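# Okay, structure incoming, though there's no sequence with it:
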């Protein structure tokens, strides 16, 4: 994997030092601990310790009705929580056999692609910061804020969004949301182009990233990598293209693939994915014009919580509200695996149901958890400074790592 | 190459392993097979290396606990054939008290942490695993908390009993 010479304990010249990188280190952007054996600045070996923010979501989920599990998924990858929310809703819809209207699917595509852009903005911006270029990060963060403002219009919150409901959204998108979205679509490409011109051929940046932490496709597959990391290594696996959900099959988009699997390839793949996400959002806006503008959820009163005004004034709504909250509605006894393309890779939900109001077993296939396990082995022989930018480019989110 | 039909997939596997592998259904089109721990590595190796199947991608390893069953712990593998865009699920059930199963790290490096997580939460011991330690919980913990004998809420609580709600 590496061309650097590796010194071992047997080398009489070597004197190893131990470095505790983390759990709270400003360069790691999260709670990650790696105990490294260093020979000078070169890493001889490393051991990752994880679990610092483990919150037992899988256990908690076994005691909660389906619609109360959405806020747990927020806290997995908190840089792109709408994708987690939507992935969970779609898992439950698959289990219950709910067909969502096309307009809901397109609105979901908009929200999920915005989330992907927000996630990639942070990852690529921070990669710039870690290589010593702060400017690009500041330019880009402005647009993460713009995305969060769109979330606010759609669901009322910014980071842990709890966006949508089983069957659709809890409210329709308002005109302010669409106006903000159009403004974003007009302004963000200019900044993204500027960002790319700052970095893509920047000598310092390219020297720092090219060839660093290069991973072959075989290694990436053997470690079950997914998402931009796997694609940067040259494998064109994208859940959106291979197993389309939420009507992704109606859209035209490319799956960008890198060749070297190094930090630079990952950076380029993520940038290109942002362009593709913009394409998807624009197509979704065009498609939305042909759909009836008042539909924002599927007609499933058994599972979709009715609006509060109806609960107080309408007999049926009150009954459904009571039945949903008390968990009186039978659900199929079966198991389902549903995967969505999260910002970091294949985010899977394995749900085993016993017919009750909450899952019998729920397992999250968390891409960060699976991507991160190669970090210590691949750091062997690497310079400490390269290991830092390698970690930023893996974009491991502590919440998703530990669940 | 296109998607492999579940029937064709099952026929191929049955031809190789006869009754050592049984189908236990196709929930939502995902073929689910059950096998025993004596054959799981053979089955995984076959699925991974067969030139037409090519289930080279290990999506996930996890477990499930059914305390009322004789074989209480189920270890669940999800594999994905990227070439054929086909998924498959494999289950191995183990008796509580003898939760040993051979490790899949011989086939995939990525199985390492997945198995550690499964060990951590269910106490499944993966024989031959290079580094079978707890991963998310603290090292000196003695329980395996995802098992059903550990209720999340105090079982003596009375305000949530079903009979209060007419159930």
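Thanks, I have the structure now. Computed from a predicted structure; not experimentally measured. Residues are numbered from 1 along each chain as shown, chains lettered A, B, ... in the order given.

# what about the residue in chain B positioned nearest to chain A, how many neighbours?
Closest approach between chain B and chain A, counting by C-beta to the nearest C-beta: residue B:110, at 3.4 Å. For glycine as for every other residue, the C-beta is placed from the backbone atoms N, C-alpha and C. Close neighbours of residue B:110, defined as other C-beta atoms under 10 Å in any protein chain shown, add up to 25.

# Compute the distance between the nearest residue to residue A:169 once chain neighbours are set aside and chain B, please.
In space, and not counting its chain neighbours, residue A:169 is closest to residue A:296: 4.7 Å by C-beta to C-beta, 6 or more residues apart in numbering or on different chains. Using C-beta to the nearest C-beta, to the nearest Å, one gets 26 Å for the distance from residue A:296 to chain B.

# Touching, the residue of chain B closest to chain A and residue B:58? I think so.
Yes. The criterion here is C-beta atoms under 8 Å, and residue B:110 meets it with residue B:58 at 5.6 Å.

# any common contacting residues for the two?
Common contact partners of residue B:110 and residue B:58 (C-beta atoms under 8 Å, 6 or more residues apart in numbering or on different chains): residue A:224.

# could you say what helices and strands the host helix or strand of residue B:42 packs with?
Secondary structure from DSSP states H and E places residue B:42 in helix B:40-49. Under the contact definition 3 or more C-beta pairs under 8 Å, 6 or more residues apart in numbering or on different chains; DSSP states H and E, helix B:40-49 sits against helix B:6-17, strand B:73-81, strand B:86-94, strand B:100-102.

# hmm, back to that, for the residue nearest to the residue of chain B closest to chain A when sequence neighbours are not counted, give me its contacts.
The shortest distance from residue B:110 to any non-neighbouring residue, by C-beta to C-beta, 6+ apart, is to residue A:224 (3.4 Å). Residue A:224 makes contact with A:370, B:57, B:58, B:59, B:108, B:110, B:114, according to C-beta under 8 Å, 6+ apart.

# so residue A:224, which of the three states?
Classification of residue A:224 by DSSP: H, G, I helix; E, B strand; the rest coil places it in coil.

# for residue A:364, same thing?
Look at residue A:364: counting by three-state DSSP, its state is strand.

# Residue 45 - how many residues pack around it?
Here I'm looking at chain A. By other C-beta under 10 Å, the residues close to residue A:45 number 18.

# actually it's chain B I care about, not the one you picked
For residue B:45, the count of nearby residues is 13 (other C-beta under 10 Å).

# check contacts around it.
Applying C-beta under 8 Å, 6+ apart to residue B:45 gives the contacts residue B:107.

# And for residue A:78?
Residues near residue A:78 by C-beta under 8 Å, 6+ apart: A:159, A:160, A:397, A:399.

# one more time with 10 Å, if that's ok
Neighbouring residues of residue A:78 by C-beta atoms under 10 Å, 6 or more residues apart in numbering or on different chains: A:84, A:119, A:159, A:160, A:161, A:397, A:398, A:399, A:400.

# SS state for the fifth one?
The three-state assignment at residue A:161 reads coil, by three-state DSSP.

# Make sure it is actually in contact with residue A:111.
Yes. Residue A:161 lies in contact with residue A:111 (C-beta atoms under 10 Å); the separation is 8.5 Å.

# so what sits against both of these two?
Taking C-beta under 10 Å, 6+ apart as the contact rule, residue A:161 and residue A:111 both touch A:82, A:83, A:85, A:86, A:151, A:154, A:155.

# out of the residues you listed, who has the most neighbours?
Ranking those using other C-beta under 10 Å puts residue A:83 first, with 29 neighbours.

# How about the helix or strand where it lies and chain B, touching?
Element membership for residue A:83, per DSSP H and E: helix A:81-96. Yes. Shown here: helix A:81-96 in contact with chain B (C-beta under 10 Å from any C-beta of the partner chain) through A:94, A:95.

# how many degrees apart are the very next helix or strand once past that helix and helix A:81-96 in direction?
Going down the chain from helix A:81-96, the next helix or strand is helix A:102-130, by DSSP H and E. Per axes from the mean of the first three to the mean of the last three C-alpha atoms, to 10 degrees, the angle that helix A:102-130 makes with helix A:81-96 is 140 degrees.

# Can you point out the buried residues in helix A:102-130?
Applying a neighbour-count criterion of 16 or more other C-beta atoms under 10 Å in any protein chain shown, one finds A:102-130 buried in helix A:102-130.

# Packing partners of the helix or strand immediately after it in the chain?
Under the assignment DSSP H and E, the closest C-terminal helix or strand after helix A:102-130 is helix A:135-155. Contact partners of helix A:135-155 among helices and strands, from 3 or more C-beta pairs under 10 Å, 6 or more residues apart in numbering or on different chains; DSSP states H and E: helix A:81-96, helix A:102-130, helix A:175-199.

# Show the contacting residues for residue A:196.
Residues in contact with residue A:196 (C-beta under 10 Å, 6+ apart) are A:124, A:136, A:202, A:267, A:268, A:271, A:272, A:274, A:275.

# Can you list the low-confidence ranges for chain A?
A:1-14 (pLDDT under 70).

# How about the contacts made by the closest residue to chain B within the stretch 51-200 of chain A?
Taking C-beta to the nearest C-beta as the measure, the stretch 51-200 of chain A has residue A:51 as its residue closest to chain B, at 3.8 Å. Counting by C-beta under 10 Å, 6+ apart, residue A:51 makes contact with A:31, A:33, A:401-403, B:117, B:120, B:134-139.

# and if we set it to 7 Å?
Counting by C-beta atoms under 7 Å, 6 or more residues apart in numbering or on different chains, residue A:51 touches A:402, B:135, B:136, B:137.
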